[in-house]
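Sharing a sequence plus its predicted fold:
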Amino acid sequence: MTELPPTNLPYLFAAFAVVWVVFFIYAAYMSWRRQSAQRELDEMRESNGQESGSGGNDGGG
Amino acid sequence: MAAIAGRPAGKASWQRGLRDARLWLLLITAVLMLVDGYLIFMVAPTDAVLGHVQRIFYVHVPISILSFLGFLICAVAGIGYLIRRTERWDRVAHASAEVGVVFVTLALVTGIIWARPVWNAWWQWEPRLTTTLILWFIYVAYLMIRQYAPTPQQGRTWSAVVGIIGFVDVPIVYYSVQWWQSIHPKQVIGPEAAEGALEPIMAQILVFSLVATLALFTYLLLERVALRGIEDRLSQLRREGNTD
Amino acid sequence: MQSENYTNPPAEVSAYLESEATEERSGWRSHRMRLIILVGVIALAVAYMVYAAFPGNTQYFVSVSEFLDDPRLHDGQTLRVAGALDPESFRREDGSASSRFALGDKEPDVPGLIPGTRVMEASYVGVLPDLFFNPHSEIILEGSYDAQSGVFATDNILVKCPSKYQSLQAENPDAVPGAAGATQGGY
Amino acid sequence: MELLRGALTVAWKDVRLELRSREVIASALVFGLIVVVVFNFGLNRAPGSLAPVAPGLLWVAYAFIGVLAMNRAFTRELEHGGLDGLLLAPISRDAVFLGKMLGSLAFMLVIEAILLPVFAVMLDLPTLSPTLGLVILLATVGFATVGTFFAGIAVQTRSREILLPVLFFPVVVPVIIAAVEASALALQGGPMTAVWTRWAPLLLVFDALYLVICPWIFGFVFEG
């Protein structure tokens, strides 16, 4: 009964590492995509504002 | 075009408020997670049978529970969308399904890593694992339908249907260890948990982990909704630009 | 958007709109009808499943006494038998990976095998899992029974962990001080 | 009655089309034969090792054949705007659904019936039992109902080959479990009480469930 339980630390660290890496990548990816979309949106809005509605084609892509 | 140029100022400030709220939430989440890590590694007692590896429990269980929450939100928002047919409901449903898929994937992965030293096998085709894998497939299908539908309109309707039907699997996953013979441990929290399945200190740390993970879940969900919002506006602008 | 210069619709249009509206209402009624059928069928299905179908049916494993009492399982088919290790029975030949042991019935969340329970002889070749000797673990043997030798030839060993988590201290209040210190200090 | 007449019209249209082109049944049959051959190479290591997995094998083959057949049956509607024509026809969505489902059911039953003796010969199984026939009938009703529903969705998307199985299999898992268990009993030839008291009623319950839910949501899905 006094036998100590096994440690298995590599599994413990692997599990935590996977969780944190995935969460971090997911959050970073979303924030990167949001920023680039936001930038594109701002550019588009700016160019639309300057040419007042006629030149909306340059924002695509 | 005029609608975009003449955006009411109230909406912009509301959005800025939301962005600030997300930043605050991120900060709170980070603090909670640090405390949670301290609790898990320094305060939580070592399990008498499983040893240190049992600490995976404090991420595995909250992540699984929050994946259920994600799919619940997805189903409810799907119903909301089918009734109201407004973009807002769909945005929430889509975001929660995606976050839910991330969480259920991590629940599966942490479970697999935990199972290897404890069960002596990475994977077993037993009820809990099998039903969870089916849940994963259902909501991956949900995301695929959106991706591949001929029109966004149809994608929204069809995925809402899948999200609502798919939710049926969630209670099955929860009760699977009760209904069928299984190698997976029985429920330790929730309505079917046995008395004394957890030591008080373990239960307290689990609840804290749950709160911390809930904060993270909420942050990711809000971030995803915001991303969807911006992308929707962008694609709308592109469409308008092309039809000019 | 503005309806200032909007005149009343012609008669045929409003008639059409009205027919549309009644259709919608009858559509709604049929939805409610279906909802009732749906709830009925689901209630029936759930009641039926609770009554007979799934629980305990597709057995993931059998217990030792279930196995011993059922001669149909002794024909060499592959199956899983679950129980607790009889710690006295374990023998291993020196310098080899093959081991012999006996498995008895186990009550969930009670360490050790049930006193006085019948045991099944088993053999295994290979590395034993970490938790094999822990009295808390329920051991699941995958393999087949050899009726001639009366030994269960194990291909694979799984360990079912307890549904209860307990700290080392609570389990073992008078544990050796070094062990207690090790559990406190994380890793 | 109106519903049944509409459904039969749609189903009859499919059957006539099939009699002329034979593309669904022929392709599914060839596919089924290939599955049997691959199984033989993949599994037949020791003599007698096939018997325990035979029921599973049978249903893996039938499930994949079902997906193939139902996909074909709906893909055909895409050509020349057939699907729009169907949806614009003066019959209810239920009738459209029921008709397509009856057509698929008929195709699948024909394919399964032809493949049964093939399985009997090539895998050495006693597949020609009435109990097994009934199990197949019950399970195929469930398959065809769910499959028709999801095929209706998947066929319109850009990735119909993968989307249909991904949607279809999680939902029909209960049917597959029950069908495999019942077929195992039927193929063993032992006492069949468990088939009648447990698995056949379970299949019936799920068939009823799918038959109520699927046409209803089908109407929803094809609203817009």
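Looks like it came in fine. Numbering: from 1, shown residues only, chains lettered A, B, ... in the order given.

In three-state terms, label C:Leu103 for me.
strand (DSSP: H, G, I helix; E, B strand; the rest coil).

Beta-bridge partners for it, please?
Taking DSSP bridges, one obtains C:Leu85, C:Met120 as the residues bridged to C:Leu103.

Does stretch B:190-209 reach chain A?
No - judged by C-beta under 8 Å from any C-beta of the partner chain, stretch B:190-209 and chain A are separated, with a smallest distance of 11.4 Å. Where C-beta positions appear, they are placed from N, C-alpha and C, glycine not excepted.

quick one: buried residues of that stretch?
The neighbour-count criterion (16 or more other C-beta atoms under 10 Å in any protein chain shown) identifies B:197-199, B:202-203, B:205-206, B:208-209 as the buried residues of stretch B:190-209.

Ramachandran coordinates for whatever residue of chain B ends up closest to chain C?
Ranked by C-beta to the nearest C-beta, the top residue of chain B for proximity to chain C is B:Pro45, at 3.0 Å. Backbone torsions for B:Pro45, taken as degrees, to the nearest 10, come to phi -70, psi 150.

What backbone torsions are found at the nearest residue to it once chain neighbours are set aside?
What sits nearest to B:Pro45 in space, not counting adjacent residues and going by C-beta to C-beta, 6 or more residues apart in numbering or on different chains, is C:Ser167, at 3.0 Å. Here the main-chain torsion angles of C:Ser167 (degrees, to the nearest 10) amount to phi -80, psi 160.

Surely C:Ser167 and B:Asp47 touch.
Yes - with the criterion set as C-beta atoms under 8 Å, C:Ser167 and B:Asp47 qualify as a contacting pair; they are 6.8 Å apart.

more neighbours, those two?
Taking other C-beta atoms under 10 Å in any protein chain shown, C:Ser167 and B:Asp47 do not tie; B:Asp47 has more neighbours (26 against 17).

Looking at the buried residues of stretch B:190-209, point me to the pair that's furthest apart.
B:Ala197 and B:Phe208 (17.4 Å; C-beta to C-beta).

List the residues that contact D:Arg16.
For D:Arg16, no contacting residues are found, by C-beta atoms under 8 Å, 6 or more residues apart in numbering or on different chains.

now D:Pro52
Counting by C-beta under 8 Å, 6+ apart, D:Pro52 has contacts C:77-78.

Got the confidence number for it?
Among the per-residue scores, D:Pro52 shows a pLDDT of 73.

With A:Gly60 instead?
In this model, A:Gly60 is scored at 34, pLDDT.

Also C:Ala47?
pLDDT recorded at C:Ala47 is 68.

ditto for D:Phe206
The pLDDT attached to D:Phe206 in the predicted structure is 84.

how's chain C carved up into domains?
According to automatic domain parsing, chain C comprises the domains C:9-55, C:62-160.

So which residues make contact with stretch B:163-179?
The list of residues contacting stretch B:163-179 from outside it, by C-beta under 8 Å, 6+ apart, reads B:68, B:71-72, B:74-75, B:77-79, B:82, B:93, B:97, B:127-128, B:131-132, B:134-135, B:138-139, B:141-142, B:182, B:184-187, B:190, B:192, C:54-55, D:170-171, D:213, D:217.

show me where chain C has strands.
With DSSP state E as the definition, chain C shows strands at residue ranges C:62-63, C:79-85, C:91-92, C:98-104, C:119-125, C:138-146, C:151-160.

Now that we have those, can you turn them into TSV and tack on mean pLDDT, distance to B:Ile164 and mean neighbour count?
Conversion of the strands of chain C to TSV gives the following (pLDDT from 0 to 100; distance: least, C-beta to C-beta, whole Å; neighbours: other C-beta atoms under 10 Å in any protein chain shown):
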stretch	mean pLDDT	distance to B:Ile164	mean neighbour count
strand C:62-63	86	39	20
strand C:79-85	88	37	22
strand C:91-92	84	56	12
strand C:98-104	87	46	20
strand C:119-125	88	48	19
strand C:138-146	88	37	21
strand C:151-160	88	35	19
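
what about stretch D:206-214 and chain C, any contact?
Yes - using C-beta under 8 Å from any C-beta, stretch D:206-214 comes into contact with chain C via D:206, D:208-209, D:212-213.

Go back to these and keep what's next to chain B.
Restricting the residues of stretch D:206-214 next to chain C to those adjacent to chain B (criterion: C-beta under 8 Å from any C-beta) gives D:Ile213.

thinking again about what came up before, go through the buried residues of stretch B:190-209 and say which is closest to C:Ile114.
Proximity of the buried residues of stretch B:190-209 to C:Ile114 was ranked by C-beta to C-beta; the top entry is B:Ala197 with 21.2 Å.

In contact with the residue of chain C found nearest chain A, which residues?
Evaluated by C-beta to the nearest C-beta, chain C has C:Asp130 as its residue closest to chain A, separated by 4.1 Å. For C:Asp130, the contacting residues are A:6, A:8, B:117-118, B:120, C:159, by C-beta under 8 Å, 6+ apart.

Dump those residues into JSON lines; add secondary structure and distance to C:Asp75 as well.
Written out in JSON lines, the entries for the contacts of C:Asp130 read as follows (DSSP: H, G, I helix; E, B strand; the rest coil; distance: C-beta to C-beta, whole Å):
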{"residue": "A:Pro6", "secondary structure": "coil", "distance to C:Asp75": "37"}
{"residue": "A:Asn8", "secondary structure": "coil", "distance to C:Asp75": "38"}
{"residue": "B:Pro117", "secondary structure": "helix", "distance to C:Asp75": "34"}
{"residue": "B:Val118", "secondary structure": "helix", "distance to C:Asp75": "32"}
{"residue": "B:Asn120", "secondary structure": "coil", "distance to C:Asp75": "27"}
{"residue": "C:Val159", "secondary structure": "strand", "distance to C:Asp75": "27"}
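
Turn those residues into TSV, including distance to chain D.
Below are these laid out as TSV (distance: C-beta to the nearest C-beta, whole Å):
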residue	distance to chain D
A:Pro6	35
A:Asn8	33
B:Pro117	30
B:Val118	27
B:Asn120	24
C:Val159	25
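
which bits of chain B sit near chain D?
B:82, B:134, B:137-138, B:140-141, B:144-145, B:147-150, B:153-154, B:157-158, B:161-162, B:165-166, B:169.

Among those, the buried ones, what's the ChimeraX command?
To isolate the buried members of these in ChimeraX, using 16+ other C-beta under 10 Å:
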select /B:82,134,137,138,140,141,144,145,148,149,154,157,158,161,162,165,166,169
